[in-house]
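Engineer: Whatever this is, show me its structure:
(chains A and B, ligands or ions: 2)
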Amino acid sequence: MGLRYLRDVTTLSLEAGRCVGCGLCLMVCPQAVLTMAEGKATIADRDACMECGACANNCPTGAISVQAGVGCAQAVINSALGRTTGACCCTLEPRGVPPAGQ
Amino acid sequence: MLETPAGPVPRVASPLTARDRLGGYGVRWGIGRMRYTVDPGLYALGQPGAGSPVLVSANYKLSFDSLRAACPGLAAWILVLDTAGVNVWCAAGKGTMGTANLVGALNDRGLRQVVSHRQLILPQLAAPGVSAPQVRRLSGFEVVFGPVMARDLPAFLAAGQEATPAMRHKNFPLAERLALAPVELVIALKYACPAMLLLFLLGGLGHAGGWAAGVWSKGWPTALNLLWAVLAGAVLGPALLPWLPGRAFAAKGLWLGLLAGGLAWLIGRPAPLEGAAWTLMGLGVVSFLVMNFTGASTYTSLSGVKQEMRWAVPVQMACAALGLVSWLASGLWA
Ligand code: SF4
Ligand code: SF4
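Structural biologist: Numbers count the residues shown, from 1 in each chain, chains lettered A, B, ... in the order given. Ligands and ions are numbered 1, 2, ... in the order given. Model prediction:
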């Protein structure tokens, strides 16, 4: 099915020098962005990246960086309006920090 | 209850009951509690022993139920984390389905006494929050990421914990898009209903035949037109997503708004200025609603959403405002 999002917009980057070829990033990516070539992970389908952050979060050597976030217009609106609570994904929060009181 | 070295553990069955299904249906429509939860903790599925696999889930009941339902005949432990009633993927994004919460639960729930191995199976979509290398360092447990969908779990386990590429890919099929539409519709209607009432009442302003005549001849069809735009944006948008032109959701929404506006014109046969006003208002509303569907979709990035919003929000506001003004003016002309 031809569902593809915007081109040239993801903040994903991979530093090949730090990759040890463990393959974990390939395994966790839900969009098949990465492949393995000659023992190193490489970005094969950059525009498919949805910036979920799974790869960077699981890379043991910190070879991958991405500004992780949820691609949700309502969340962007909520944060612009200064709202911090909302249904489901609809707030932008710093990653890795459980929201206070939840 | 199942007796274990760490005390009694509640048992759950794989088949869903009528009540489970009814509750799931209610959640889809946004009826009742938005937070549909199970208590966090350890559960026994079937008759598990010390060597049985440990599956980790969120305490959103639909996540938990889909896991249970996917595994008939499987004996396993289910460790439910406290994600504040939010599903696995959203909770992973928020960090509640995350490394710290998981490591904490491993210590609290007595899992170390219950199983002899040190391996956890997590849904792949937990990976934005759970870091396998960190969990190993902090707890000694090895995290194995299972398939994206719980229904593939039996095949994954049968293949020696190997997932096919299809099992690792999150797609967005029609059935899933349609399942999300009711909630979009209910939320949109909360805002649309007062707006419809307002349009209905404003329709009488400056009408040649008097206010009451205007309310029926102009206000009522325009209110209906708004309802049509909401239905198009919240239901047709998700349904037709792959076939609408453009990549940005707001652009898809503009095309759909044109289509919906054209149909409204054919059926409603408005005066030209009124029809143009309908189309403009519809464009703003439909584009906005389809843009909002980025949150429910499974392939949009935050950078992308921000990029499209930069042009789309001004366009949507301009369409809606221009539409409203020309609609009000159309009464004075008539
Ligand atoms: S997770 Fe990191 S180290 Fe492992 S293959 Fe990917 S980039 Fe390389
Ligand atoms: S951020 Fe998510 S979608 Fe993008 S490459 Fe990493 S795992 Fe894949």
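
Engineer: Specify the local secondary structure of residue B:197.
Structural biologist: Following DSSP: H, G, I helix; E, B strand; the rest coil, we place residue B:197 in the helix state.

Engineer: swap that for residue B:8, please
Structural biologist: Under three-state DSSP, residue B:8 falls in the strand class.

Engineer: Now for it, how many residues are close by?
Structural biologist: Burial measure for residue B:8: 10 neighbouring residues, criterion other Cβ atoms under 10 Å in any protein chain shown. (C-beta placed from N, C-alpha, C; glycine too.)

Engineer: How about residue B:70?
Structural biologist: By other Cβ under 10 Å, the residues close to residue B:70 number 18.

Engineer: how close does residue B:123 sit to residue B:219?
Structural biologist: 50 Å (Cβ to Cβ, to the nearest Å).

Engineer: sorry, that was for residue B:239
Structural biologist: Remark: distance between residue B:239 and residue B:219 (Cβ to Cβ) = 30 Å.

Engineer: So which of these two has more stuff around it?
Structural biologist: Taking neighbours as other Cβ under 10 Å, residue B:239 and residue B:219 compare with residue B:219 leading, 25 against 14.

Engineer: Tell me if I am right that the more buried one is in a helix.
Structural biologist: Yes: remark: residue B:219 belongs to a helix, assigned using three-state DSSP.

Engineer: Touching, it and residue B:197? I think so.
Structural biologist: No: look at residue B:219 against residue B:197 with Cβ atoms under 8 Å: they stay out of range, at 9.4 Å.

Engineer: ranges for the strands of the chain?
Structural biologist: The chain I'm using is chain A. A:13-14, A:34-37, A:40-43, A:64-65 (DSSP state E).

Engineer: my bad, the chain I had in mind was chain B
Structural biologist: Ranges of strands within chain B are B:2-4, B:7-9, B:11-12, B:41-45, B:54-58, B:76-81, B:119-122, B:142-145, based on DSSP E.

Engineer: winner for burial among those strands?
Structural biologist: Greatest average neighbour count among the strands of chain B goes to strand B:54-58 (a mean of 25), per mean count of other Cβ atoms under 10 Å in any protein chain shown.

Engineer: Extract the C-alpha set from that strand and format it as PDB.
Structural biologist: Taking C-alpha atoms only, strand B:54-58 is exported to PDB below (Å, rounded to 0.1, in the frame of the first residue of the first chain):
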ATOM      1  CA  VAL B  54       7.300 -14.100  30.200                       C
ATOM      2  CA  LEU B  55       5.300 -11.700  28.000                       C
ATOM      3  CA  VAL B  56       5.300  -8.000  28.900                       C
ATOM      4  CA  SER B  57       2.300  -5.800  28.200                       C
ATOM      5  CA  ALA B  58       0.700  -2.400  29.000                       C
END
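
Engineer: check contacts around the residue in the stretch 201-334 of chain B positioned nearest to ligand 1.
Structural biologist: Taking Cβ to the nearest ligand atom, ligand 1 has its nearest neighbour within the stretch 201-334 of chain B at residue B:301, 18.9 Å off. When contacts are counted by Cβ atoms under 8 Å, 6 or more residues apart in numbering or on different chains, residue B:301 is found next to A:5, A:6, A:9, A:10, A:49, A:50, A:51, A:69, A:71.

Engineer: Distance of the third one relative to residue B:170?
Structural biologist: The spacing between residue A:9 and residue B:170, counted by Cβ to Cβ, is 19 Å.

Engineer: Ok, the last one next?
Structural biologist: Taking Cβ to Cβ as the measure, residue A:71 falls 13 Å from residue B:170.

Engineer: Counting neighbours, go ahead and name the busier of these two.
Structural biologist: The neighbour count for residue A:71 versus residue B:170, taken as other Cβ under 10 Å, is higher for residue A:71 (27 against 18).

Engineer: where does chain B have low pLDDT?
Structural biologist: Along chain B, segments meeting pLDDT under 70 span B:26-35, B:331-334.

Engineer: Give me the most central residue, it.
Structural biologist: residue B:296 (4.0 Å; Cα atoms, centre = their mean).

Engineer: Quick one: name the residues of chain A near ligand 1.
Structural biologist: By the rule Cβ under 6 Å from any ligand atom, the part of chain A lying against ligand 1 is A:19-25, A:41, A:59-61, A:63-64.

Engineer: Now, of the residues you listed, which are buried?
Structural biologist: Among the residues of chain A next to ligand 1, those classed as buried by 16 or more other Cβ atoms under 10 Å in any protein chain shown are A:19, A:22, A:24, A:25, A:41, A:59, A:60, A:63, A:64.

Engineer: if I read this right, the last one contacts residue A:56, doesn't it?
Structural biologist: Yes: using Cβ under 8 Å, residue A:64 is in contact with residue A:56, at 4.4 Å.

Engineer: Common neighbours of the two, please.
Structural biologist: Taking Cβ under 8 Å, 6+ apart as the criterion, residue A:64 and residue A:56 both touch residue A:25.

Engineer: Mind checking if the helix or strand of chain A with the lowest mean pLDDT is in reach of chain B?
Structural biologist: Lowest by mean pLDDT, DSSP states H and E among the helices and strands of chain A is helix A:73-80, with a mean of 91. Yes: counting by Cβ under 8 Å from any Cβ of the partner chain, chain B has neighbours in helix A:73-80: A:73, A:74, A:75, A:76.

Engineer: other SSEs contacting that helix?
Structural biologist: Secondary-structure packing of helix A:73-80 (3 or more Cβ pairs under 8 Å, 6 or more residues apart in numbering or on different chains; DSSP states H and E): helix B:272-292, helix B:302-333.

Engineer: any chance of those in JSON lines, plus mean neighbour count and distance to residue B:129?
Structural biologist: Formatted as JSON lines, the helices and strands packed on helix A:73-80 follow (neighbours: other Cβ atoms under 10 Å in any protein chain shown; distance: least, Cβ to Cβ, whole Å):
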{"stretch": "helix B:272-292", "mean neighbour count": "25", "distance to residue B:129": "24"}
{"stretch": "helix B:302-333", "mean neighbour count": "18", "distance to residue B:129": "16"}
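
Engineer: For the ones you listed, give me JSON lines that also has distance to residue B:74.
Structural biologist: Shown next, in JSON lines, are the helices and strands packed on helix A:73-80 (distance: least, Cβ to Cβ, whole Å):
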{"stretch": "helix B:272-292", "distance to residue B:74": "38"}
{"stretch": "helix B:302-333", "distance to residue B:74": "36"}
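
Engineer: closest one to residue B:155 among those?
Structural biologist: Closest to residue B:155 of the helices and strands packed on helix A:73-80, according to Cβ to Cβ: helix B:302-333, at 32.5 Å.

Engineer: which sections of chain A are below the confidence cut-off?
Structural biologist: A:1, A:84-102.

Engineer: what about 50?
Structural biologist: Applying pLDDT under 50 to chain A flags residues A:87-89, A:91-102.
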